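*Asks:* the sequence isn't on hand, but the structure is:
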């Protein structure tokens, strides 16, 4: 049973999601040890402010100092002394009870089922793109990759007014987002060259960035959503000659994600592949790592 | 004696500069064959509009179609069917006579000596950064690389109000830009981490981009000015985790460069290492390729 520091809440897990980052951590990347897990919904069981007790919550994953320049500008996600739930020096959500600062918590509206609310964190990560880049309404956006994040990014950008074209390798995965209006296409042998003003690399592959740069029009924007471990080789010459802007994009604000999930414009239910109890977590991880599997949930 | 197509001028060379790109072309990169040379000043000897005859001119290097969407938006530098003086399918300036469309020409004011005016093209390339990125007055900018382009970028950004810190390997080169107010530093063993809101990579080295990303603060901007031939390995994770923006930057508008050169705020005279007559061009190229040498000029 974890200790509850001042300003923190103790949260009983209701459901958690396995993310590709968790699989990377398990492989030993980033030198992580401890309990992973950063996509979760839980119920507050202890907090100094009793109004939180019993609340069903999701939680922002960056534990920021709250006082540095970054924090003062609302960018605690970049606080240099931050810890990160289940990623950097703060035990994660794949256990019965976890702790987070109360200021990280967001109440989940009753309209959102628990298993859908697990997607708030990755939807926020998709929304982050729109906090960084102005994509005009009706603008054409190519999304590369039909993994979990690619499917969410495609749906979020489409819901926010872009005309999204998703390139992937799995007809069955891409079919899930077609009802939202996203156009889908199996990656062709020869990708279209200099064809898209915005390209999102969500391939999770070291080849994705090169493809994204090549598909982007001169003066266009490539959004980098794939944290690939290790070095990625890119030919910088086309990026420079075509004066392309590449933008690294990570976690986002939950405030942006909650209304999208409530609205039903982002279809997450069909993205749940399987559920496991917490005590079968190793099996759940093995399943999540399989080709063709989307979101795997853990329940206490 | 080159033919003069409609809308073109014939120009007698007065002076030309050897750029690192010329050295790359000579090494066989980009599959170039023919006459290189794209930094020049010349005198118009033939043009349909007689007002140009006798004018001392510099010339924009991209020969654009003038009718496509890019050209209509003033971005002929990105016209997909363009040729480029001395780089892509248009014979360059390292010869007695060259041709360019009249719309590419800019009269050189009498106040600018010919050997200084050779720098208009690379100064325009430095100015391009400010057409792409808004750098607030007084903002700190790190420039990596004390080659020809690095020295010009440092001076241009300083002249335009930034506080520039130049990192290089050659005390004698960096000394040239100190009178303009640029702070200089020999590259330390351990580069400062996450310290600069703007970092320009003008190293011309495949290591430069990685260093630039690591020196940039979260949500900061890295400007890529080094066209390195071949693949560059970067660790994209820090760029994504810190949500850094990388911007490819190439040629710029001569209109921005001319007043800077007139103003004397960019010191180019001291950057001229040697001059050679055109018929000793091979020797000039060999000299330009030597370590420690800055601009080498060719004269007819």
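*Replies:* On my side now, so go ahead. Just so you know, these numbers come straight off a predicted model, no measurement behind them. Residues are numbered from 1 along each chain as shown, chains lettered A, B, ... in the order given.
*Asks:* contacting residues around stretch A:181-190?
*Replies:* Outside stretch A:181-190, the residues that touch it by CB atoms under 8 Å, 6 or more residues apart in numbering or on different chains are A:144, A:146, A:154-155, A:158, A:163-169, A:171, A:174-175, A:177-178. All C-beta spots, glycine's among them, are computed from the backbone N, C-alpha and C.
*Asks:* how long is stretch A:157-170 from one end to the other?
*Replies:* For stretch A:157-170, the first-to-last residue distance is 20 Å (CA to CA, to the nearest Å).
*Asks:* now do the buried residues in that stretch.
*Replies:* Buried residues in stretch A:157-170, counted by 16 or more other CB atoms under 10 Å in any protein chain shown: A:157, A:158, A:159, A:160, A:162, A:164, A:165, A:166, A:167, A:168, A:170.
*Asks:* please compute how far that stretch lies from its chain's middle.
*Replies:* 16 Å (CA atoms, centre = their mean, to the nearest Å).
*Asks:* again, but for stretch A:20-33
*Replies:* Offset of stretch A:20-33 from its chain centre (CA atoms, centre = their mean): 16 Å.
*Asks:* spell out which parts of the stretch 151-300 of chain A neighbour chain B.
*Replies:* Contact residues (CB under 8 Å from any CB of the partner chain) of the stretch 151-300 of chain A with chain B: A:194, A:209, A:218-219, A:224-237, A:239-250.
*Asks:* which residues are contacting the helix or strand hosting residue A:286?
*Replies:* Using DSSP states H and E, the element containing residue A:286 is helix A:281-288. Helix A:281-288 has contacts (CB under 8 Å, 6+ apart) with A:18, A:22, A:23, A:26, A:94, A:273, A:274, A:276, A:293, A:296, A:298.
*Asks:* restricted to helices, list the buried residues of stretch A:157-170.
*Replies:* Taking DSSP state H as the definition of helices, the buried residues of stretch A:157-170 contribute A:157, A:158, A:159.
*Asks:* and the pLDDT at the first one?
*Replies:* Put plainly, it is residue A:157. pLDDT for residue A:157: 98.
*Asks:* quickly note the distance from it to residue A:239.
*Replies:* Per CB to CB, to the nearest Å, residue A:157 is found 22 Å from residue A:239.
*Asks:* which residues does residue A:3 contact?
*Replies:* residue A:99.
*Asks:* assign a three-state SS to it, would you?
*Replies:* Under DSSP: H, G, I helix; E, B strand; the rest coil, residue A:3 falls in the coil class.
*Asks:* quick one, phi/psi of it?
*Replies:* The phi and psi values for residue A:3, taken as degrees, to the nearest 10, are phi -60, psi 150.
*Asks:* any idea how far it is from chain B?
*Replies:* From residue A:3 across to chain B, the span is 28 Å (CB to the nearest CB, to the nearest Å).
*Asks:* same check, this time on residue A:182
*Replies:* For residue A:182, the distance to chain B equals 23 Å [CB to the nearest CB].
*Asks:* how far away is that residue from residue A:20?
*Replies:* Noted for residue A:182: a distance of 20 Å to residue A:20, by CB to CB.
*Asks:* neighbour-wise, which of these two wins?
*Replies:* Taking other CB atoms under 10 Å in any protein chain shown, residue A:182 and residue A:20 do not tie; residue A:182 has more neighbours (23 against 16).
*Asks:* show the pLDDT at the more buried one.
*Replies:* So, for residue A:182, pLDDT stands at 98.
*Asks:* just give me the longest strand of chain A.
*Replies:* Once chain A is assigned using DSSP state E, the strand that runs over the most residues is strand A:8-18.
*Asks:* for that strand, packing partners?
*Replies:* Using 3 or more CB pairs under 8 Å, 6 or more residues apart in numbering or on different chains; DSSP states H and E as the contact test, the elements touching strand A:8-18 are strand A:39-47, strand A:56-59, strand A:97-101, helix A:114-117, helix A:281-288, strand A:295-299.
*Asks:* do I have it right that residue A:124 meets residue A:252?
*Replies:* Yes: counting by CB atoms under 8 Å, residue A:124 touches residue A:252, with 3.8 Å between them.
*Asks:* out of those two, which sits in the more crowded spot?
*Replies:* Neighbour count, other CB under 10 Å: between residue A:124 and residue A:252, residue A:124 has more, with 27 against 24.
*Asks:* which of the contacts of helix A:281-288 fall in strands?
*Replies:* When DSSP E is applied, those are split such that A:18, A:273, A:274, A:276, A:296, A:298 fall in strands.
*Asks:* how about the nearest residue to the last one, chain neighbours excluded?
*Replies:* In this structure, residue A:298 finds its nearest non-sequential neighbour in residue A:16, 4.7 Å apart by CB to CB, 6 or more residues apart in numbering or on different chains.
*Asks:* show me the contacts for that neighbour.
*Replies:* A:37, A:39, A:40, A:41, A:93, A:94, A:118, A:297, A:298.
*Asks:* would you reformat those as TSV and include distance to residue A:49?
*Replies:* TSV is the format used below for these (distance: CB to CB, whole Å):
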residue	distance to residue A:49
A:37	25
A:39	25
A:40	20
A:41	20
A:93	21
A:94	26
A:118	25
A:297	29
A:298	28
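*Asks:* is it possible to mark the buried ones in these?
*Replies:* Buried members of the contacts of residue A:16, scored by 16+ other CB under 10 Å, are A:37, A:39, A:40, A:41, A:93, A:94, A:118, A:297, A:298.
*Asks:* widest-spaced pair of these?
*Replies:* A:41 and A:94 (13.0 Å; CB to CB).
*Asks:* count of residues packed around the closest residue to residue A:79 other than its chain neighbours?
*Replies:* Spatial nearest neighbour of residue A:79, excluding adjacent residues (CB to CB, 6+ apart): residue A:64 at 3.6 Å. Neighbour count of residue A:64, defined by other CB under 10 Å: 22.
*Asks:* and what of residue A:33?
*Replies:* Neighbours of residue A:33 using other CB under 10 Å come to 8.
*Asks:* for ChimeraX, what selects the buried ones among the residues of the stretch 151-300 of chain A next to chain B?
*Replies:* To isolate the buried members of these in ChimeraX, using 16+ other CB under 10 Å:
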select /A:194,209,218,219,224,225,226,227,228,232,234,236,237,239,240,241,242,243,244,245,246,247,248,249,250
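*Asks:* which of the residues of the stretch 151-300 of chain A next to chain B fall in strands?
*Replies:* Per DSSP E, these map to strands at A:218, A:219, A:224, A:231, A:232, A:233, A:234, A:235, A:245, A:246, A:247, A:248.
*Asks:* with pLDDT added, can I get those in TSV?
*Replies:* What follows is these, written out as TSV (pLDDT from 0 to 100):
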residue	pLDDT
A:218	95
A:219	95
A:224	96
A:231	77
A:232	80
A:233	78
A:234	79
A:235	79
A:245	97
A:246	96
A:247	97
A:248	96
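*Asks:* of the residues you listed, closest to residue B:45?
*Replies:* Residue B:45 has its nearest neighbour among those in residue A:218, at 34.1 Å by CB to CB.
*Asks:* need the helix or strand of chain A with the lowest average pLDDT.
*Replies:* strand A:231-235 (a mean of 79; mean pLDDT, DSSP states H and E).
*Asks:* can you list contacts of it?
*Replies:* Contact with strand A:231-235 is made by A:206, A:209, A:210, A:213, B:230, B:231, B:232, B:233, B:234, B:235, B:236, as judged by CB under 8 Å, 6+ apart.
*Asks:* can we see that at 10 Å?
*Replies:* Identification of contacts with strand A:231-235 by CB atoms under 10 Å, 6 or more residues apart in numbering or on different chains yields A:201, A:205-210, A:212-214, A:224, A:226, A:246, B:209-210, B:228-237, B:239, B:246.
*Asks:* one more: stretch A:67-76?
*Replies:* Contacts for stretch A:67-76 (CB under 10 Å, 6+ apart): A:60, A:62-66, A:77-82, A:101, A:103-104, A:253, B:217-219, B:243.
*Asks:* quick revisit: in the buried residues of stretch A:157-170, find the pair that's most separated.
*Replies:* Every pair of these checked by CB to CB; the farthest is A:160 and A:170, at 24.1 Å.
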